[in-house]
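Asks: Return a 3D structure for these sequence lines:
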Amino acid sequence: MSILDTVKKLFGFTPAEPPAAAERPAEVAKRTEPVPVIPKPAPSGPPPAAPRRDQLIRFVINKLRAYQNEPETAPVGLRLVIFCPTPEEEELYRVVLWTNQPGKFQRELNRLLADNYIVLPKNWRFDYALFADEWPATTYRESNLGLLVEDQSKPDATPLLARIVTLVGQTEQAEYLLDSSRKGTFCIGRGHTAQTNSGRVRTNDIVILNDDDAGFDPDKGAGNGAVSRAHATIRYDSGQKQYALLVDPGGLPASGNKTKIMHPDNTIERADIAGMGYPLQHGDQIELGGEVVLLFELR
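Replies: Numbers count the residues shown, from 1 in each chain. As a prediction, this is how the structure comes out:
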């Protein structure tokens with residue numbers, strides 16, 4: 001440093017430092033602007049097979065809890081019935097059931113049943129049915145799942161006959177024969193047909209007359225309007241060899257109860273759980289809509 005520079009510095013004549021270069025707006029924006037978060041697209045399509053498989057196995061276990069610790073009365077066969085309204089649903093359930101690996105689903109189900117103390121015979125039978133229209137005969141039903149249980153009783157080819165007799169209200173026939181060898185499902189409703197939520201046309205076997213049907217009597221059929229077009233179904237359970245009443249959506253109003261079973265011992269059973277089969281015994285009276293009464297008799 002020269003003598004002149006030393007003197008200038010001594011008396012405070014040092015040159016000011018050059019100003020820092022101003023930040024360009026683009027650089028400031030680049031540093032302060034938050035990085036946008038791009039949301040992940042929501043998954044679409046049917047849920048994966050694993051949760052459906054867990055749901056299916058839980059359904060079977062829950063319906064077979066009556067056989068816990070009772071291997072001597074355990075079923076000899078199970079048939080799963082699954083409602084699949086679309087081809088996509090059907091394909092999903094084929095994956096759920098491991099249809100490309102025969103026997104795998106039955107082995108897994110057998111293992112989990114045993115974990116819950118439900119032990120089936122060594123060579124118990126298993127199969128399944130996927131359908132898109134009318135429900136086949138089942139022992140249990142819940143949502144889109146059904147289960148047919150085969151017990152250990154010997155096969156009996158003798159049909160179980162029953163009849164329905166109208167006590168209160170007006171039906172198309174005074175009585176209806178139920179023949180298990182010809183048919184296993186008998187629909188009850190007002191009018192000859194009804195359209196279901198899926199668009200399928202349901203045909204009633206036990207017809208409560210509409211006020212515009214031929215032969216309708218305003219006096220006899222005064223309470224017929226309380227019965228829904230798709231009110232209930234009587235099904236024959238080949239495994240239990242018994243008829244049972246199932247209440248359809250039309251017989252399950254949002255409030256109150258529209259379906260009852262009055263037993264010969266004067267007890268009354270409210271039939272108000274969807275998908276549940278209520279066993280019928282000789283002499284039961286079935287009340288529909290609080291107005292129409294049908295008598296069930298075994299022949």
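
Asks: OK, contacts around the closest residue to residue 145 other than its chain neighbours?
Replies: Closest residue in space to residue 145, ignoring its immediate chain neighbours: residue 59 at 5.1 Å, by Cβ to Cβ, 6 or more residues apart in numbering. No exception for glycine: its C-beta is placed from N, CA and C like everyone else's. Shown in contact with residue 59 (Cβ atoms under 8 Å, 6 or more residues apart in numbering): 142, 145, 147.

Asks: Backbone dihedrals for the nearest residue to the first one once chain neighbours are set aside, both of them.
Replies: Distances taken as Cβ to Cβ, 6+ apart put residue 275 closest to residue 142, at 5.0 Å, once the chain neighbours are dropped. Geometry field for residue 275 lists phi and psi as phi 80, psi -10, criterion degrees, to the nearest 10.

Asks: mind checking pLDDT for residue 296?
Replies: Looking at residue 296, its pLDDT is 98.

Asks: quick one: the residue nearest to residue 145 from residue 233, how far?
Replies: Per Cβ to Cβ, to the nearest Å, residue 59 is found 20 Å from residue 233.

Asks: picking that back up, so how many other residues sit close to the residue nearest to residue 142?
Replies: Using other Cβ atoms under 10 Å, residue 275 has 16 other residues around it.

Asks: ok, it touching residue 143?
Replies: Yes: assessed by Cβ atoms under 8 Å, residue 275 is found in contact with residue 143 at 7.3 Å.

Asks: rewinding a little: secondary structure, pLDDT and distance to residue 67 added to the contacts of residue 59, as a markdown table?
Replies: Listed next are the contacts of residue 59 as a markdown table, based on DSSP: H, G, I helix; E, B strand; the rest coil; pLDDT from 0 to 100; distance: Cβ to Cβ, whole Å:
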| residue | secondary structure | pLDDT | distance to residue 67 |
| --- | --- | --- | --- |
| 142 | strand | 88 | 17 |
| 145 | strand | 93 | 18 |
| 147 | strand | 91 | 13 |
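
Asks: export those residues to a markdown table and tack on distance to residue 49 and neighbour count?
Replies: As requested, the contacts of residue 59 are exported to a markdown table (distance: Cβ to Cβ, whole Å; neighbours: other Cβ atoms under 10 Å):
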| residue | distance to residue 49 | neighbour count |
| --- | --- | --- |
| 142 | 19 | 16 |
| 145 | 15 | 20 |
| 147 | 19 | 21 |
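
Asks: From those, pick the one nearest residue 107.
Replies: Nearest to residue 107, judged by Cβ to Cβ, of those is residue 147 at 18.1 Å.
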